[in-house]
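J.: coords please:
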Amino acid sequence: MILAVDDETHVLEALRTILEGRGYRLRTAPNGPMALEAIKTERPDVVLLDLAMPRMNGVEVCRRIRSFSRVPVLVLSALVDEGQKVQALDSGADDYVTKPFGVEELLARIRAALRRAQAQRDDEAVIRLHGIEMDQAAHRIMVDGEEVHFTPTQYELMRLFLTNPDRLLTQRMLLMGALGPEYDDAVDNLRTFISQLRRKVERDPSRPKRIVTEPGLGYRFRTEP
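T.: Model (predicted):
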């Protein structure tokens, strides 16, 4: 089930037409408090969340969701300021789509969010995605069938990518996750680490297909070529 949260009725009706027409079950909420209650009681698989809402804005809603749930949150918003996108992602959103959006793009992002949710539910120690296999118990990574050595920081970055497939990870999220809060502004260091990772996991590091850049926002590990 998908939960759509927006204070504009016409947006909710458009989403209902799109999603129910593709076989998804949809529940709607016109504001943040009702959305939080619906998440607790109905446990949706994905949340589609607007940012500019009365009573409680989308960033605050996302922060509160993350206090009790790991449900994938996909922001749908007409706000296009880069800083607002980063704020939404840092508050716990998994992805961001700007209104007006293409139907096929939205459906693809929803499928990616569902894949991520499935990966979170998977308790196996071995993760296999896009030609990469990570054995967390053995602390080992195979790339296209061959074992590749990673430094501790590189390994932690790969773990973040592989446990968040198709999710947009901001620079801050990656730095704090791999290096700690004292490095949350070490963007140049992160670029160096990403370049090193690409040399190890990409067939052509100059044209990455696995670890892709989202300009101004961060990086994403693609599960499909």
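J.: and residue 153, helix, strand or coil?
T.: In three-state terms, and counting by DSSP: H, G, I helix; E, B strand; the rest coil, residue 153 is helix.
J.: how many other residues sit next to it?
T.: Neighbour count of residue 153, defined by other C-beta atoms under 10 Å: 15. Placement of C-beta: from N, CA and C, glycine included.
J.: Show me how the protein divides into domains.
T.: With domains defined by automatic domain parsing, the chain comprises 2-120, 124-221.
J.: Looking at strand pairing, list the partners for the residue nearest to residue 16 when sequence neighbours are not counted.
T.: Nearest residue to residue 16, sequence neighbours excluded (C-beta to C-beta, 6 or more residues apart in numbering): residue 26, at 5.4 Å. Beta-bridge pairing for residue 26 (DSSP bridges): residue 2.
J.: Quick check: longest helix in this structure by residues?
T.: Criterion DSSP state H: the longest helix present in the chain is helix 103-121.
J.: Contacts made by that one with the rest, please.
T.: 2, 18-19, 22, 24, 45-46, 48, 70-72, 74, 76, 94-95, 97, 127, 129, 163-167, 223 (C-beta atoms under 8 Å, 6 or more residues apart in numbering).
J.: same question, stretch 125-145
T.: 119, 147-148, 150, 155, 158-159, 162-163, 165, 200-201, 203, 209-210, 221-225.
J.: so of these, which ones are in helices?
T.: Among the contacts of stretch 125-145, the residues falling in helices (DSSP H) are 119, 155, 158, 159, 162, 200, 201.
J.: Tell me which two of those residues sit farthest apart.
T.: 119 and 200 (21.4 Å; C-beta to C-beta).
J.: if you count what's nearby, which of the two comes out ahead?
T.: residue 119 (18 against 15).
J.: ranges for the helices of the protein?
T.: For the chain, helices defined by DSSP H occupy the ranges 9-21, 32-42, 58-66, 82-90, 103-121, 152-162, 171-178, 187-201.
J.: Columns mean pLDDT on top of the domains of the chain, output as a markdown table?
T.: Below are the domains of the chain laid out as a markdown table (pLDDT from 0 to 100):
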| stretch | mean pLDDT |
| --- | --- |
| domain 2-120 | 89 |
| domain 124-221 | 90 |
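J.: quick one, which residue of this protein lies the farthest from its center?
T.: residue 146 (27.8 Å; C-alpha atoms, centre = their mean).
J.: Just list whatever residues bridge to that one.
T.: residue 143.
J.: separation between it and residue 206?
T.: With the distance defined as C-beta to C-beta, to the nearest Å, residue 146 ends up 20 Å from residue 206.
J.: What of residue 113?
T.: Separation of residue 113 from residue 206 (C-beta to C-beta) stands at 29 Å.
J.: for residue 151, same thing?
T.: With distances taken as C-beta to C-beta, residue 151 is found 22 Å from residue 206.
J.: These two: who's more crowded?
T.: residue 151 (10 against 6).
J.: Can I get stretch 27-43 in CSV, CA atoms only?
T.: Taking C-alpha atoms only, stretch 27-43 is exported to CSV below (Å, rounded to 0.1, in the frame of the first residue of the first chain):
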residue,chain,number,x,y,z
ARG,A,27,-4.3,5.7,1.0
THR,A,28,-4.3,9.5,1.2
ALA,A,29,-3.7,12.0,4.0
PRO,A,30,-4.2,15.8,3.7
ASN,A,31,-1.7,16.8,6.4
GLY,A,32,1.3,15.7,8.5
PRO,A,33,-0.5,14.6,11.7
MET,A,34,-2.9,12.4,9.8
ALA,A,35,-0.1,10.9,7.8
LEU,A,36,1.8,10.0,10.9
GLU,A,37,-1.2,8.3,12.3
ALA,A,38,-1.8,6.4,9.1
ILE,A,39,1.8,5.2,9.0
LYS,A,40,1.5,3.8,12.6
THR,A,41,-1.8,2.1,12.0
GLU,A,42,-1.7,1.0,8.4
ARG,A,43,2.1,0.4,7.8
